[in-house]
Structures are given as C-alpha cells and as structure tokens.
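A.B. asks: Please find the sequence and the predicted model below.
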Amino acid sequence: MRVPRLGRQAILFALGILIGAVVFKGENFLERLFIDLRFFTVSSLHVQDTQSDRVAIVTMDNRSEDVLKVRFGSKWRQFHPGLIEKLNEAGAALIVFDSKFLDEEKQWDPGFANALRRAGNVIAGEDEPFSTTTALRDAFLAIGDLRWKALGKVPRFVGQAADPAALRSLSVVAVEEYARKTGQLGPDSRSRRAPGFWIDFRREPDYFFSFSYADVYLAAEGRMQNPERTAMSVFKDKIVLIGLDDRTSQADRFVFPNTMLRQYPGVYGQAYAVETVLGDDAVSRPSPWVDGALTAAFLLLLLLALEIRARKTRTIILAVLPVAAFIAETLLLSTANLWLGYAPVITAFAAALLVHWIGVRVTLASSLSRAMGFDPHLMEAFRRESARLGGPVRKDVTILIADVRGYTAYVSGTDSAVVSRVMAEYMAAMERCITGEGGYINKYVGDEIIAVFGFPLASEASAERAARAGISMLRELAALAAAWKEQGIPCIDRIGIGIDTGRVVFAEIGGRTKSQFDIIGDCINGASRIEHLTKEMKRSLLISEEACRGIEKDDSLSGSFGFLKTVAIRGQGARRIYGLIA
C-alpha cells in the first residue's frame, strides 16, 4: 500500500521526535560525547594568550614524593605548614586542599593545626559530613564537600543543596570565602544556586598555573625550585588549590571534556569549578522541551530538503545540515554558555533519514519488481526450492496470456494522456483479477499480460483459478469500458485471453547487474498461440484441452467451456481448443 507523501512526511517527523526523545536529557553517553567535542573545539580554537589571574594549582606529584622522600598520605602534614607559610608570604588570597583529612597523626597534627589557625585562610574538603579528624576540623577556615555529580566518570556538575545548613561544594565554599576577602563576587551569582551548575570546560588545562608541591615547598629567595625559577609572586591574590597527582594511581585522575583522552588530576576539576563560579560562567542547560523544539525544527528542515528534486543539491544540503547544526550549537556554547542538545538532533536526523532511505529502497524494489517481471518474495521462494532440489525447478502450472485488441490503432488515434490513463486503469484492474485468484503477473510485454498460476504460489487447482481469473478479467473490462464511454473517454473494450497448462522450468535469467525470475516451457508458447487464435475464432477466452481437464472437477466452470476445434499449432502439433460459452 502506498502512503501519501504528506503521510510519509508525518511518519518521518513523528519517528524522528520519538527517537530523539530518548536522548533529550544531557546525561546520556551520546550527548556527553557531543558536548565534550564542542568543549574541545571551543578550547582548541580559543587563542590562549593569558592564564588565570585568580586560580593556581599545586600538585602533590610523584616527583615531590621522591624529593621529600615521604609516600603520599597523612605524614605529608609535616610539610603542609611550611607550604602554607610560603604561599601566604607570596600573597595567596586563599589556600584550598582538594583532599581529605581523615586519619589522626598525633606527631604532626598539633603543629599543622597551629599553622592553620595562624594562616586563617585554609580550606579543606571531605566527602562525608564531620569526617575530618577532630584535631584539625576547627582549625580550617571552612570545609567543603568534595562530592561531584560525575557523569561518564568525569566531574561535570556541582550540586548545591537548598538547605543553607547542608555541606556546600568545596569550589563554592572557596569562592564565597574569596569573595569575603576581595569583594569580587556579588550575592546573586547563578552558579551558587540550587540545584547546582554545569562546569565550564571551554579552556584548556594549561590555562591554570600549575606547580609541583616540592618546588613551592623548597622555594627560596622568592623563587620556586623549578627549572624556570618561577617567582612566587605568581600566587599573589589567587586561590591556590592543592591536590594529588599520583600517576601510578587512577583514583583521582580524569579525562576532562576538553582534553581528548589525556588524563589530569582531579584538582583541575576543582579549578574549573572555581573559575566557573568566579566568572559566573556556568553552562546553561535548557529543559528537554527546548531540545524537543530544536529537534522538531531540524526535522522540518530535513523534510524540506528531501523534497528537493535535484539530487546533487539535495545530497549537499543533507550533508551540510547536521554540520551546520553542530557549528551553530558550538557558537552558542562559545558565546552564550548555552548547551543545547545535539544528540536528539543527530539521532532524530539519522533515524528519519534511514527510514526514508529504506522506504525509497523498498519503493524502488517494488517498482523494479513490477518493471522486470518478478516479485522478490517469489524469487526467494524459487531459490529455496531450487536449493532443496539441488538444481532446476520444474513444475506443472497454468499460464494465462491476455492481449488488447486493436491496441496499435487505438494508440495512434488517441491522445497519449488518455491512453496512459486508460491503460493504467486497465492494467490495475487485470492485476486485481489475477492476484485475486492466487496468480501473479510474470511480466508485461507492451499491452500483453503474462500471468502464472502455480509455483511459487499455491499449486493446487491452477487451471481452475486461471479460468476464473480470465472470466473475471472479461467482466472487469466490460465494466471499465462502460464507465469510460459514459465519461466520453476513448477506450479499449476487447481483449483476447489464452490459457494453457503444462510443465515449465523456473529460472533466474540475467547477469551481474540485472536479472529476472522467468519461466521456460511449451505451455508458454501454447498460451501465446491460443491467445492469437481468439482473433481467428472471434472468441475472447480460449483454453487448451489440458487446461479444460483441469477444471472438470469444478462444477461452476465445467459447463462454461465447450470444444471448438482441433488446431495445428506450430511446434506442438494438433491441439484441441475449448472456448468460453457466451
């Protein structure tokens, strides 16, 4: 059944929306992939001629472990007072440990706690409320929550509880304390509101100054002990984040959205979060309804593109559409911090285009089947039978051949548009008569129809079904002719039908690029010769003796045909011919 064009478009549109609906939220793998690609694109295109003037990083790295000769852990608290002193001497505004202080170290905790109280600007983190050791808890300026909403094992979203008494995110606590000292952040920052914010990853990691713990700890005469002899003044007025960079462990290392598979310490995630809040640059993620509306608009563009008749132009537009959508969404992310869903757009686009392509292929296959004389289902049935038999397929069938009388004269004397309409209606009606009796049209040869009753469709009573189809065809033509004449349309009103029964060979004929399902046998020629006799005998429907024997058991047909005469048919000898009794 053919679906009207508008109906096909509606189906494609509805299917696209349905497929896109499953990815309208930004927390699925596909959407994360595309937002990460956009972050990477934006950060790669950004000319990074400056570095952060508000955030710096100090990493407790493997080199520092070797230099200080102490393994990572609570024993590093013996070094923290010296590090804090060096940073504060350099003018650091705030010192933030991206680490937990769970275990008690009686040897080092008193000195560390005194250093914290003297500094008055050190913040720590914990992932469970009140899990920080008692000896240090009150010495810190504040304690923040280290927990992330990690999507795809990557920190992406900083959650903010609505309850003011709840433990707040480490990055937000750090910025609030920084704001109290500098007054650089107003009270209405959207990044600090519940339920939280998406982190802005539009800059590459080297945007942040990052130094080894040991180089800062061992600084002398205002310069670090790194090869560049960097001045400690780099920390002036900055929030300094201190975190672990253990390359032997994957516990606190991440592939951030803009790093394309390069791993960085988790403290960089805190740096991005702090920078996001400081600049009030949280990425805005609209509701799924916005993604749905965007997907609907994109699908409408797709449907319009599919209506373009110029194949080259249509192909170019279809290729450009998803790329243009990605570029537009990347620009919105770069300029307006707006994260629009691309996964719904591309999945809806791909699904609709795939279904459209399948529909085109099915329609084309159906058209080719009608044009080339075989149905793919019939071909498949033939191939299965051929494989079962291990060779050619030979079957007893009944062949019906019908031909329009006076067709050449009709065509030459009638407007081509009228001929086209009349023949289309005629062929459609004849096909209904044939298929209604379980036959199929093997091929059209001009105005001639060659139909088969038997294999690969139902093989029983093939002659009876062919005869009934022939009678039905004559009745249908009479009704059509009456309707055409009533409308004043020049028409055809006579056909000749020949029917023969016999054994044929079914074969797949053709080459590499074109093939068709065909039949070979004497009864093909017999039906054709009998059809030609309808002109001579002035009968509309003639059948062979073999076909007549096939209808003897059908009471409704046995009296409908009578013997006319014996005719010598070239290549077949004498044949007894029967005609439809008027």
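C.D. replies: Perfect, thanks for sending it.
A.B. asks: List the strands paired with the helix or strand hosting residue 241, with their directions.
C.D. replies: Per DSSP states H and E, residue 241 falls inside strand 239-245. Using DSSP bridges, the neighbouring strands of strand 239-245 in the sheet come out as strand 55-61 (parallel), strand 94-97 (parallel).
A.B. asks: Neighbours of residue 306, how many?
C.D. replies: For residue 306, the tally of surrounding residues (other C-beta atoms under 10 Å) stands at 18. To be clear about C-beta, it is placed using only N, CA and C from the backbone, and glycine gets the same treatment.
A.B. asks: so what are the domain limits for the protein?
C.D. replies: According to automatic domain parsing, the chain comprises the domains 5-23+285-368, 49-278, 373-580.
A.B. asks: Looking at the strands paired with strand 239-245, which one is packed in the most?
C.D. replies: For the strands paired with strand 239-245, average neighbour numbers computed from mean count of other C-beta atoms under 10 Å are highest in strand 94-97, which has a mean of 28.
A.B. asks: pLDDT below threshold where in this structure?
C.D. replies: Counting by pLDDT under 70, the chain has low-confidence residues at 1-13, 15-26, 47-49, 184-194, 360-383, 385-386, 389-391, 457-458, 508-517, 582.
A.B. asks: gap between residue 355 and residue 323?
C.D. replies: Residue 355 sits at a distance of 21 Å from residue 323 (criterion: C-beta to C-beta, to the nearest Å).
A.B. asks: So for the two, which sits in the more crowded spot?
C.D. replies: Comparing residue 355 with residue 323 by neighbour count (other C-beta under 10 Å), the higher total belongs to residue 355, at 16 against 9.
A.B. asks: So the more buried one: helix, strand or coil?
C.D. replies: With DSSP: H, G, I helix; E, B strand; the rest coil as the basis, residue 355 sits in helix.
A.B. asks: And the helices in the stretch 301-450 of the chain?
C.D. replies: Counting by DSSP state H, counting those that start in this stretch, the stretch 301-450 of the chain has helices at residues 311-336, 343-372, 376-389, 407-412, 416-436.
A.B. asks: just the stretch 151-300 of the chain next, same as before
C.D. replies: Per DSSP H, counting those that start in this stretch, the stretch 151-300 of the chain carries helices over the ranges 170-182, 213-217, 267-278, 288-306.
A.B. asks: Run through the neighbouring helices and strands of the shortest one.
C.D. replies: In terms of contacts (3 or more C-beta pairs under 8 Å, 6 or more residues apart in numbering; DSSP states H and E), helix 213-217 is packed against strand 55-61, helix 62-68, helix 80-89.
A.B. asks: ok, and for the second one, which residues are buried?
C.D. replies: What it means is helix 62-68. Of the residues in helix 62-68, those scored as buried under the neighbour-count criterion (16 or more other C-beta atoms under 10 Å) are 63, 64, 65, 67, 68.
A.B. asks: List the residues that contact the nearest residue to residue 326 once chain neighbours are set aside.
C.D. replies: Sequence neighbours aside, residue 342 is the residue nearest to residue 326 in space, at 6.1 Å (criterion: C-beta to C-beta, 6 or more residues apart in numbering). Remark: with contacts taken as C-beta atoms under 8 Å, 6 or more residues apart in numbering, residue 342 is in contact with 31, 34, 35, 38, 325, 326, 329.
A.B. asks: strands paired with the longest strand seen in the chain, and their directions?
C.D. replies: In the chain, ranked by residue count with DSSP state E as the criterion, the top strand is strand 495-510. Strand 495-510 has the following strand partners under DSSP bridges: strand 393-404 (antiparallel), strand 515-520 (antiparallel), strand 541-544 (parallel).
A.B. asks: can you redo these as TSV with distance to residue 254?
C.D. replies: Compiled in TSV, those are given as follows (distance: least, C-beta to C-beta, whole Å):
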stretch	distance to residue 254
strand 393-404	65
strand 515-520	58
strand 541-544	83
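A.B. asks: returning to what we had before: can I get the helices of the stretch 151-300 of the chain in a markdown table including distance to residue 416?
C.D. replies: Putting the helices of the stretch 151-300 of the chain into a markdown table (distance: least, C-beta to C-beta, whole Å) gives the following:
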| stretch | distance to residue 416 |
| --- | --- |
| helix 170-182 | 78 |
| helix 213-217 | 90 |
| helix 267-278 | 72 |
| helix 288-306 | 31 |
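A.B. asks: Most tightly packed of the ones you listed?
C.D. replies: helix 267-278 (a mean of 26).
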